[in-house]
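This is the structure alone, sequence omitted:
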């Protein structure tokens, strides 16, 4: 969101080992980490957008997110159905992942600890001004899609 990034969050078991994401772990992230972080924000104005990963779209997950965001949930099986493979309209896809990866891997970390440290550092260094530009770019992309009646974007350009 424009005010900052909540996270990063690393999925680990009780012994501190990395684990894959499943529905239960994703809901635990939302319940124990994400929603408490939202207490500093007016959630009545926030929209939540997620992709169509199975752990994101399980009925229990959608119900949990609806409890927090109501009809302001953009997700497969949510109140606002997000079109699949819409990377040109998803800020995490068209900006954040590429930006973070370019900096995180710059020193070629060889193990998970330095990789996680790099991720934490890069995320912490992203300023609200940059996120505001991302949102401005996102709204221009939406305006283009709306004006072109859903036509694909001829060029995906991100302007900072």
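Structure's in. What do you need? Note that the coordinates shown come from a computational prediction; the quantities given were computed from them, not determined experimentally.

close enough to count as contact, residue 60 and residue 27?
Yes - the criterion here is C-beta atoms under 8 Å, and residue 60 meets it with residue 27 at 6.3 Å. C-beta coordinates here come from the backbone N, C-alpha and C atoms, glycine included.

These two - which one has more neighbours?
Using other C-beta atoms under 10 Å as the criterion, residue 60 and residue 27 rank with residue 27 on top: 18 against 11.

for that one, phi and psi?
phi -70, psi -40 (degrees, to the nearest 10).

any idea how far it is from residue 35?
Distance, residue 27 to residue 35, by C-beta to C-beta, to the nearest Å: 10 Å.

The host helix or strand of residue 24: what's the following helix or strand?
Taking DSSP states H and E as the definition, one finds residue 24 inside helix 23-29. Using DSSP H and E, the helix or strand that follows helix 23-29 towards the C-terminus is helix 35-38.

in its sheet, what does the helix or strand following that following helix sit against?
Next helix or strand after helix 35-38 toward the C-terminus (DSSP H and E): strand 48-49. Sheet pairing here is set by DSSP bridges, and for strand 48-49 it gives strand 73-74 (parallel).

after the strand it pairs with, next one along is what?
With secondary structure assigned by DSSP H and E, strand 73-74 is succeeded by helix 91.

any idea of the mean pLDDT in that next one?
On average, the pLDDT along helix 91 is 79.

and if you look at stretch 142-160?
Here the average pLDDT along stretch 142-160 is 69.

again, but for stretch 34-44
Stretch 34-44 comes out at a mean pLDDT of 83.

Show me the contact partners of that stretch.
Identification of contacts with stretch 34-44 by C-beta atoms under 8 Å, 6 or more residues apart in numbering yields 1, 3, 6, 9, 46, 68-69.
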